[in-house]
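Novice: how would this look folded up:
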Amino acid sequence: MHAPRIEDDPELLAMFIKDMGVQSDLWKPTAYWTSQCKRMQAQLERTGLSGFRTNWSLMRGVDLGPKQAGVVRRPIFDNRIAAALARRLPIFGRYERHIDSLVESFNSTNTANISREVSLLYQLLQFGECSSALAAQVEDSCIGNPNVYEFDGKKYSSNMLVHICLVSLLFRSAGDQINRVMEIGGGYGVLAEIMQKRRFGTNGYFVEVDIPPLVYVSTQYLKAVFPGRVVDYREARSKATLSRSDIEGKILVIPPWLVPALDLEFDLFWNSASFQEMEGEVVDNYLEYVSRTSSTVFINTLTHGHRKGLGGQREPIAFDQLARKICAKGYQQRQLVDDCAEMAAFRSVLPRHSIGVFARQAQQQREMSDGDHGGR
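Specialist: Just a heads-up that it's a prediction; the model follows:
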């Protein structure tokens, strides 16, 4: 059985890029992502979305977990020159074949090692009460030609298994009655895929926010996974406000500059490996909205942030810094379950990361509920 085909929509991609140009810096890609966005846009215009999940030139830096990114050797000489040299100098031909064999051997070994890592991750998640139940509910769509691994009759990408681990840790801390979700920095949409597939119903909604061109990638991917259930930028950009009636039972995929138009409440705000790539004032801008609308916050981020100056980022954003910012907005950090299979899996696959779950303090939670009117 073949996975559904993902459709290219160059007009939508161009719309995102054009509209981004007139936004304030708080809603644009920060320095860390500016050059990467240009790289992704150029690759999308060149190759489209076909096979995008194994297109390393397009998706580099997006997935979590082990990645099968093979080495491709560029020829030293034009093929005709190489052939001529090989005829005149047999040692040159042997050298070329030796280099090719090294590349092939590396890729084969790398693939085998990643397969073992993913298998061990899956087996570890089977020991977790939340993670084993969640893994039984979902599997990868296989859209976009990902590297998938089959366990117990279901197919998973490494990125999906890592997200199953993260979602399970959230459930262990905050419970699983989560139907209204907002995510900033969702990549191609794996969290939305998991949360929608586990619910089986039409109640609630999911809001996916990302920068161009990733918001274009996630729009088209989620349309392929959930036909008829995605509200995209074309529908949303002309609305002064976006309320529950606009997106009930659906997934809304928007760029950052439409966040102020959201008139919604959320059970969960999720940010995984995204705030770590922003400047402090951009994080503060997002948290200002989050603090008014979300009862629970989940953060997964590099413990010490990026190296200072990496990718043009001015200052590293560390986990402790993020935790203080969130708590200053009226949240309390929850104690995570430490001695569980899901935490062991998290530490094995993301050893340089920290996670936190933050719950709104009781008084502010009551005030937010009292103000939950109209479209919300």
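Novice: show me what contacts residue 37?
Specialist: 29, 211, 212, 213, 214 (CB atoms under 8 Å, 6 or more residues apart in numbering). To be clear about C-beta, it is placed using only N, CA and C from the backbone, and glycine gets the same treatment.
Novice: got the buried residues for the strand or helix carrying residue 344?
Specialist: Assigned by DSSP states H and E, residue 344 belongs to helix 341-349. Neighbour counts over helix 341-349 (16 or more other CB atoms under 10 Å) mark 341, 342, 343, 344, 345, 346, 349 as buried.
Novice: helices and strands of this structure: which one bottoms out on pLDDT?
Specialist: helix 362-370 (a mean of 53; mean pLDDT, DSSP states H and E).
Novice: In the stretch 251-376 of the chain, where is pLDDT below threshold?
Specialist: Residues of the stretch 251-376 of the chain meeting the criterion pLDDT under 70: 362-376.
Novice: State the phi and psi torsions of the residue lying closest to residue 305 once chain neighbours are set aside.
Specialist: Nearest residue to residue 305, sequence neighbours excluded (CB to CB, 6 or more residues apart in numbering): residue 316, at 3.1 Å. Backbone geometry at residue 316, expressed as degrees, to the nearest 10, gives phi -70, psi 140.
Novice: follow-up on the earlier one: among the buried residues of helix 341-349, which one sits closest to residue 118?
Specialist: Residue 118 has its nearest neighbour among the buried residues of helix 341-349 in residue 349, at 9.3 Å by CB to CB.
Novice: can I assume that closest one is in contact with residue 164?
Specialist: No - Residue 349 is beyond contact range of residue 164, at 11.1 Å (criterion: CB atoms under 8 Å).
Novice: What sits closest to residue 7 if chain neighbours are left out?
Specialist: The nearest residue in space to residue 7 (CB to CB, 6+ apart) is residue 220, at 6.1 Å.
Novice: any idea how far whatever helix or strand that neighbour lives in is from the chain center?
Specialist: Counting by DSSP H and E, the element that carries residue 220 is helix 214-225. Centre-to-centre, helix 214-225 and its host chain are 12 Å apart (CA atoms, centre = their mean, to the nearest Å).
Novice: Point out the other helices and strands that that helix packs with.
Specialist: When contacts are defined as 3 or more CB pairs under 8 Å, 6 or more residues apart in numbering; DSSP states H and E, helix 214-225 packs onto helix 10-20, helix 31-47, helix 190-199, strand 205-209, strand 230-231, strand 251-254.
Novice: what about the strands in the protein?
Specialist: Assigned by DSSP state E, the chain shows strands spanning 149-151, 154-156, 180-184, 205-209, 230-231, 251-254, 268-272, 296-302, 331-333, 353-360.
Novice: Which among the ones you listed is found nearest to residue 4?
Specialist: With CB to CB as the yardstick, what comes closest out of those is strand 230-231 (13.2 Å).
Novice: so what secondary structure elements neighbour the closest one?
Specialist: Under the contact criterion of 3+ CB pairs under 8 Å, 6+ apart, strand 230-231 touches helix 214-225, strand 251-254.
Novice: could those go into a markdown table alongside mean neighbour count and distance to residue 159?
Specialist: As requested, the helices and strands packed on strand 230-231 are exported to a markdown table (neighbours: other CB atoms under 10 Å; distance: least, CB to CB, whole Å):
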| stretch | mean neighbour count | distance to residue 159 |
| --- | --- | --- |
| helix 214-225 | 25 | 12 |
| strand 251-254 | 25 | 18 |
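Novice: what's the closest of those to residue 41?
Specialist: Go through those one by one with CB to CB and the one that ends up closest to residue 41 is helix 214-225, at 8.9 Å.
Novice: angle of that closest one against helix 190-199?
Specialist: Put simply, helix 214-225 runs at 30 degrees to helix 190-199, going by axes from the mean of the first three to the mean of the last three CA atoms, to 10 degrees.
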